[in-house]
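A.B. asks: Could you work out the structure for the sequence below:
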Amino acid sequence: MPEKTRLLIRVDDAGSCRASNLGCLRACTEGPARSTEVMMPCAWVPHAAVLFNARTDVDIGIHLTLTSEWNAVKWRPLTDAESLVDEAGYFLPLLTPRAGDHRPSLVDRRWSLDEIVREFRAQIELGVKLFSNASHISSHMIRHFSDFDPRLGEAISELCEEFGLIDDPFGHGLPRFAPYPAFPRDSRFRAKSFVDGLTDLSPGTHIFIDHPGVDCDELADIGHPGYEDVAADRVSCLDMLTSPEVAEAIDRLGVELISYREL
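C.D. replies: As a prediction, this is how the structure comes out:
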């Protein structure tokens with residue numbers, strides 16, 4: 001029997017703001033997404049729990065977070081973690097330096113492995129407590145935290161085993177489906193590129209990751225240097241995921257949509 005083409009569509013950053021919560025929910029209920037990632041240190045996590053616990057068909061990931069990258073919205077660790085925060089007690093903007101971005105990064109600090117592991121444990125404990133459909137972990141702002149330090153990969157694997165969660169396959173070799181570049185932030189262009197990419201997608205299991213959001217004043221105020229057009233990016237992502245063209249192509253091509261539960 002020929003191998004099927006399976007696609008795990010994962011939408012990230014629920015919990016970070018109301019716009020992201022609603023965008024991720026719509027991507028799952030009106031579009032092809034089956035899994036959404038929740039950032040546990042963020043203020044809108046309880047709202048996300050209300051929305052997603054009412055939808056048992058949506059798979060929840062605990063999106064392990066060590067950064068607070070936006071300018072106007074900041075997040076603190078759930079634990080006492082002095083080596084992971086700035087002078088105001090917020091997570092640093094970056095994990096590692098980026099070209100042209102001079103904001104502080106965690107890798108340049110004398111961070112504590114024990115503090116990170118305790119923080120990850122706290123985020124996972126809260127995630128499984130608040131979300132009945134939590135099935136896996138993923139990593140915010142990095143492919144997998146094992147890339148930041150291999151010891152974190154080992155610690156995460158142990159935590160996943162302890163809590164009965166899947167350790168994100170994207171970080172361990174699941175091929176990423178990335179059918180369009182960052183620009184232009186145009187929903188029609190993205191929908192056409194997504195459909196074209198599906199047409200050429202090889203058999204096997206692939207993962208698509210993006211960050212949908214609903215259009216609102218809240219989302220317009222979010223950003224950081226080099227990424228000031230967050231609203232345009234995330235609204236066009238949601239428009240693409242909920243477009244009839246994408247739905248028709250998935251059905252016509254027989255692409256099997258899966259969540260982490262089917263892995």
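A.B. asks: Helices of the stretch 51-200 of the chain, residue ranges please.
C.D. replies: Taking DSSP state H, counting those that start in this stretch as the test, the helices found in the stretch 51-200 of the chain are 113-130, 150-163, 187-200.
A.B. asks: helices or strands next to the second one in the packing?
C.D. replies: Counting contacts by 3 or more C-beta pairs under 8 Å, 6 or more residues apart in numbering; DSSP states H and E, helix 150-163 is packed against helix 113-130, strand 134-139, strand 166-167. For the C-beta atoms, the positions are set from N, CA and C on the backbone; glycine is no exception.
A.B. asks: Residue 185 against residue 238, yeah?
C.D. replies: No. Assessed by C-beta atoms under 8 Å, residue 185 is found out of contact with residue 238, at 11.8 Å.
A.B. asks: who has more neighbours, those two?
C.D. replies: More neighbours surround residue 238 than the other of residue 185 and residue 238, with 27 against 16 (other C-beta atoms under 10 Å).
A.B. asks: Now for that one, which secondary structure element holds it?
C.D. replies: For residue 238, the enclosing helix or strand under DSSP states H and E is helix 230-241.
A.B. asks: got the CA positions of that helix in CSV?
C.D. replies: Presented in CSV, the C-alpha positions along helix 230-241 are these (Å, rounded to 0.1, in the frame of the first residue of the first chain):
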residue,chain,number,x,y,z
VAL,A,230,3.2,41.2,13.8
ALA,A,231,-0.5,41.9,13.1
ALA,A,232,-0.1,41.7,9.3
ASP,A,233,1.9,38.5,9.6
ARG,A,234,-0.5,36.7,12.0
VAL,A,235,-3.8,37.9,10.5
SER,A,236,-2.7,36.8,7.0
CYS,A,237,-1.7,33.4,8.5
LEU,A,238,-5.2,33.0,9.9
ASP,A,239,-6.8,34.1,6.6
MET,A,240,-4.7,31.5,4.8
LEU,A,241,-5.5,28.6,7.2
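A.B. asks: quick one: low-confidence ranges for the stretch 1-150 of the chain?
C.D. replies: Flagging of the stretch 1-150 of the chain using pLDDT under 70 yields the residue ranges 1-2.
A.B. asks: Return the list of strands paired to the lengthiest strand in the chain, each annotated with direction.
C.D. replies: What stands out as the longest strand in the chain, according to DSSP state E, is strand 5-14. Using DSSP bridges, the neighbouring strands of strand 5-14 in the sheet come out as strand 35-38 (parallel), strand 204-210 (parallel), strand 256-258 (parallel).
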